[in-house]
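Asker: okay, here's the prediction I keep looking at, along with the sequence it came from:
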Amino acid sequence: MTVPSADTLLMDAAEVDAFIAAAFPEVPDDRRSRIASARPGHVRMTMMPDASHLRPGGIVSGPTQMALADHVAYALVLAHIGPVAMAVTSALTVHFLRACPPMLLTADARLLRLGKRLIVSDVQIWTDGPDRPVAQASVTYIVP
């Protein structure tokens, strides 16, 4: 058995995407976020919001951004520990920094701590560029 490490991925981006698709078959393929890249300590995911993700005023809703932050953090966890379906969110704190226009969202998850039971990440969500995030989240996962 390979021991999880912050320096090594146990699943690549395609393997994580396939695992998530199999674990959550009720999510239509065309509404699924995609991993753009994965490397030790980092996963980038993209999502194209549709009308169902918008709030009045035509901006991407907070729950949509929170879901993306949780999703990219889960992908980061899986990439580092392997296919553990029951890794679950223990804490998620989000700060909405500016209105999020309905365009391609990019979420960067950075590994802060990879412990035996807790995995902590920092997530930045942006549209126009990483230097102008629309949201920032701290996400903690617990591993059974």
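Answerer: Looks like it came in fine.
Asker: could you identify the longest helix within the protein?
Answerer: Counting by DSSP state H, the longest helix found in the chain is helix 62-81.
Asker: mind saving the C-alpha coords of that helix as PDB?
Answerer: Extracted as PDB, the C-alpha positions of helix 62-81 are listed here (Å, rounded to 0.1, in the frame of the first residue of the first chain):
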ATOM      1  CA  GLY A  62     -22.900  31.800  -3.600                       C
ATOM      2  CA  PRO A  63     -24.000  28.100  -3.300                       C
ATOM      3  CA  THR A  64     -22.600  27.400  -6.800                       C
ATOM      4  CA  GLN A  65     -19.200  28.900  -5.900                       C
ATOM      5  CA  MET A  66     -19.300  26.900  -2.600                       C
ATOM      6  CA  ALA A  67     -20.000  23.700  -4.400                       C
ATOM      7  CA  LEU A  68     -17.100  24.300  -6.800                       C
ATOM      8  CA  ALA A  69     -14.800  25.000  -3.900                       C
ATOM      9  CA  ASP A  70     -15.900  21.800  -2.200                       C
ATOM     10  CA  HIS A  71     -15.600  19.800  -5.500                       C
ATOM     11  CA  VAL A  72     -12.100  21.000  -6.300                       C
ATOM     12  CA  ALA A  73     -11.000  20.300  -2.700                       C
ATOM     13  CA  TYR A  74     -12.500  16.800  -3.000                       C
ATOM     14  CA  ALA A  75     -10.500  16.300  -6.200                       C
ATOM     15  CA  LEU A  76      -7.400  17.400  -4.500                       C
ATOM     16  CA  VAL A  77      -8.000  15.000  -1.600                       C
ATOM     17  CA  LEU A  78      -8.600  12.100  -4.000                       C
ATOM     18  CA  ALA A  79      -5.500  12.900  -6.100                       C
ATOM     19  CA  HIS A  80      -3.400  12.600  -3.000                       C
ATOM     20  CA  ILE A  81      -5.000   9.700  -1.100                       C
END
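Asker: which of the residues in the helix or strand following it are buried?
Answerer: With elements assigned by DSSP states H and E, the helix or strand that comes after helix 62-81 is strand 88-96. Going by neighbour count (16 or more other C-beta atoms under 10 Å), the buried part of strand 88-96 is 92, 94, 96. From N, CA and C alone the C-beta is placed, and that goes for glycine too.
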